[in-house]
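Peer 1: Fold the following for me, if possible:
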Amino acid sequence: MISPAAKNETELWNGTSWTETANLNYARYGSAGIGTQNHFIVAGGYGTPAFSSCTEEWNGTSWSVGNTMGTGRRNTGGAGSQSSAIVFAGAVAASPYYQVATEEYSVSALKTVEIDGV
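Peer 2: Predicted structure coming up:
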């Protein structure tokens, strides 16, 4: 069985090669990534803490801690931009392990929303 190690590394692509830059505040894997090279969000994941509910925002130079998700989870999906995004599905610590919950992210707040009656 392969068990991935939680990482906090950030690398940027310049069209030719990768360059390591500022690290995330919390090491993790299985998180959602949303945005562009200069405006990005990492949400959830597994690592520190185990099922993470934290988000981090990238400004092109450094990471800052963002709003906390309602439920810590890993293997999530994400879509949108740094200013308006959704984080959906994922595994949680208690049964049922896989969730259908969706959370809406904005710079000012994070809230759980219902999509199509789910």
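Peer 1: Pull the contacting residues for Thr36.
Peer 2: Residues in contact with Thr36 (Cβ atoms under 8 Å, 6 or more residues apart in numbering) are 81-82. For the C-beta atoms, the positions are set from N, CA and C on the backbone; glycine is no exception.
Peer 1: So the residue nearest to Trp63 when sequence neighbours are not counted, which state does it fall into?
Peer 2: Distances taken as Cβ to Cβ, 6 or more residues apart in numbering place Glu56 nearest to Trp63, at 4.7 Å, with adjacent residues excluded. The three-state assignment at Glu56 reads strand, by DSSP: H, G, I helix; E, B strand; the rest coil.
Peer 1: and if you look at the one 5 residues further on?
Peer 2: What three-state DSSP gives for Thr61 is coil.
Peer 1: Excluding chain neighbours, give the residue nearest to it in space.
Peer 2: Nearest residue to Thr61, sequence neighbours excluded (Cβ to Cβ, 6+ apart): Ala22, at 6.7 Å.
Peer 1: and what of Trp58?
Peer 2: Distances taken as Cβ to Cβ, 6+ apart place Phe40 nearest to Trp58, at 3.9 Å, with adjacent residues excluded.
Peer 1: shouldn't that neighbour be in contact with Ala32?
Peer 2: No. Applying Cβ atoms under 8 Å, one finds Phe40 not in contact with Ala32, separated by 10.7 Å.
Peer 1: Compare those two and say which one has the larger neighbour count.
Peer 2: Shown here are Phe40 and Ala32; by other Cβ atoms under 10 Å, Ala32 has more neighbours (26 against 18).
Peer 1: Can you name the residues that contact the more buried one?
Peer 2: Ala32 sits next to 41-45, 76-78, 87, 90 when contact means Cβ under 8 Å, 6+ apart.
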